[in-house]
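sharing a sequence plus its predicted fold:
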Amino acid sequence: MRNILLSPAILLAAAAFLAPLHAAESDGIDAAKTEVVRARLAKFSQQDRLTVAKAAAEIALDASKPAATRIAAVRTLGLLQEKTSLPALKTLFADDAIADDARQAAQRIPGPETKSALLAGLAATNNAKLQAGFIDSLGALRATNAITVIKGYITKDAPVGEAAQRALAAIGTPDGFRALLTAPDSALKKDLLIDVAAAILECPGCAAGRPEVIKTLKVLSADTGDADVAFSALLLRYRHSDANAAEGLRSANPIERRAAAAFLNSSRDVESGKVLEKALATAEGADLNQVLGAIVNRHQVSAAPVIRQRAGSANAGDKAELIKALGQIGGAGDVAFFASLLGSDADEPARSALAQVRGKGVTKAFTDLITATGTEKKLRRDLLAIVQRRELRDAVPALLPLLASEDEDLRYDALKITERLGTKAQIPQIEAAAAKSSDAGVKNRIKNLVAKLSK
């Protein structure tokens with residue numbers, strides 16, 4: 001029997017609201033139906049919501065109803081998020097067949113009453129799966145009042161013990177961190193300690209917990225059995241404590257060097273840049289790659305002179321990395337340097353650099369080299385090919401005189417660039433340059449190009 005009097009209109013509304021989720025077991029419960037319910041929910045008054053919540057609670061509590069129908073009703077309570085549903089959901093916590101769905105629905109209801117209800121549900125069950133679920137919910141709600149209780153489950157076997165560790169990490173307070181420290185040693189514990197440490201160190205109101213966090217990070221950064229944990233701990237120390245990144249770059253420990261480079265990569269202050277440039281002068285191999293990676297990511301143009309100097313005397317491997325990095329942070333002044341390396345043992349990185357180098361005056365640097373009579377033909381053709389691949393349209397006017405070159409290869413290289421990159425605005429210049437050519441083939445192709453550009 002219903003213990004409230006419902007008008008026919010409200011009964012119809014409740015039925016329409018609940019129908020999409022109260023399907024037959026074979027029909028299932030899916031996201032599409034949930035969206036229908038949400039759409040209808042938006043049109044309900046507060047009184048209608050309470051009425052529907054009452055109806056859904058009665059259905060959920062009725063053990064004679066099919067399981068799918070009861071579960072749908074519980075999920076409706078979760079969607080409604082009404083505190084008046086908590087007593088019914090607490091009752092359902094004792095029903096193993098529906099308790100987990102009831103727990104998830106309760107988790108959606110805001111307020112301290114929910115945390116208390118979940119704590120009560122946790123205390124009342126011996127089912128490991130349900131215990132893990134209640135603990136997960138308390139962690140998701142960041143229930144600081146549950147830390148002591150959750151700590152009591154931290155030594156339990158999986159899934160309960162692991163759920164307790166994750167919940168303490170999710171709560172993310174100094175008290176939660178201290179409780180997590182008491183968990184048995186494991187890879188999960190280390191990873192979670194790193195996560196909570198980061199949250200506390202970045203929390204403006206958590207200064208009291210910082211000393212213990214830093215102390216723990218020092219221990220984790222010395223972990224020789226887990227390089228990832230050690231790296232993460234070191235990175236946090238460089239960011240938030242007095243650990244010195246400059247010393248880290250000089251350390252004999254490769255993990256310290258990698259973490260220091262990663263920290264300096266993410267920093268943008270001038271002092272960090274100076275540390276990188278100083279390290280650049282002597283770093284080699286993998287360490288050099290890390291330092292160069294940080295410099296490139298920061299786009300630290302001030303490091304370009306140091307890179308040029310190192311590239312002149314470095315071994316083949318380091319030289320290649322230096323040139324590639326310079327291609328990403330250098331400018332017009334480096335084009336001639338890269339070009340001078342074409343055909344050498346640094347040909348590949350030099351070509352890569354010429355394909356990347358950007359900035360004011362880069363196009364002119366290319367065309368000045370190409371049009372200079374003192375530049376060797378092979379180099380001129382290499383540079384012309386790079387101009388075409390990079391589609392440097394601004395280079396076309398400066399290269400048009402090559403249409404009248406006495407060298408057939410250069411003539412037709414320039415012609416291909418003009419055909420591919422020439423624009424309608426350049427037609428007068430293109431026609432004037434073609435007029436100076438004695439090559440009938442060039443004149444004919446330019447005539448066709450002009451007709452095409454004029455359309």
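Ah, there it is. Residues are numbered from 1 along each chain as shown.

ok, the residue most central in space within the chain to residue 289 distance?
Centroid check for the chain by C-alpha atoms, centre = their mean gives residue 266 as the closest residue, at 13.7 Å. The spacing between residue 266 and residue 289, counted by C-beta to C-beta, to the nearest Å, is 17 Å. Just so you know, the C-beta spots here come from the backbone N, C-alpha and C atoms, and that holds for glycine as well.

any idea how the chain splits into domains?
Domain ranges of the chain: 1-109, 111-200, 208-298, 388-455, per automatic domain parsing.

give me the mean pLDDT for the shortest one.
Averaged over domain 388-455, pLDDT sits at 95.

what packs against the host helix or strand of residue 191?
According to DSSP states H and E, residue 191 maps onto helix 187-201. If contacts are counted by 3 or more C-beta pairs under 8 Å, 6 or more residues apart in numbering; DSSP states H and E, helix 187-201 sits against helix 160-171, helix 174-181, helix 210-221, helix 227-240.

distance to residue 108 added to those helices, as TSV?
Putting those into TSV (distance: least, C-beta to C-beta, whole Å) gives the following:
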stretch	distance to residue 108
helix 160-171	16
helix 174-181	22
helix 210-221	32
helix 227-240	33
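
looking at the ones you listed, which is closest to residue 136?
helix 160-171 (5.4 Å; C-beta to C-beta).

now the closest one and helix 174-181, what's the angle there?
150 degrees (axes from the mean of the first three to the mean of the last three C-alpha atoms, to 10 degrees).

related to what we said a few turns ago, nearest to residue 329, of the domains of the chain?
Closest among the domains of the chain, using C-beta to C-beta: domain 208-298, at 6.1 Å.

now the end-to-end length of that closest one.
Its start and end residues considered, domain 208-298 measures 33 Å (C-alpha to C-alpha, to the nearest Å).

same question for the helix holding residue 191: list its buried residues.
188-190, 192-201 (16 or more other C-beta atoms under 10 Å).

sorry, back to before: please work out which of the helices and strands packed on helix 187-201 is packed deepest.
helix 160-171 (a mean of 24; mean count of other C-beta atoms under 10 Å).

so can I have JSON lines of the helices and strands packed on helix 187-201 showing distance to residue 344 and mean pLDDT?
Formatted as JSON lines, these follow (distance: least, C-beta to C-beta, whole Å; pLDDT from 0 to 100):
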{"stretch": "helix 160-171", "distance to residue 344": "54", "mean pLDDT": "97"}
{"stretch": "helix 174-181", "distance to residue 344": "56", "mean pLDDT": "96"}
{"stretch": "helix 210-221", "distance to residue 344": "43", "mean pLDDT": "95"}
{"stretch": "helix 227-240", "distance to residue 344": "37", "mean pLDDT": "94"}
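
nearest to residue 154, of those helices?
helix 160-171 (4.4 Å).

between that closest one and helix 187-201, how big is the angle?
Using the same axes, to 10 degrees: helix 160-171 against helix 187-201 is 20 degrees.

okay, now the residue lying closest to residue 367 once chain neighbours are set aside: neighbour count?
In space, and not counting its chain neighbours, residue 367 is closest to residue 398: 3.7 Å by C-beta to C-beta, 6 or more residues apart in numbering. Close neighbours of residue 398, defined as other C-beta atoms under 10 Å, add up to 17.

name the element residue 398 belongs to?
helix 396-399.

elements contacting that helix?
helix 362-371, helix 408-421.
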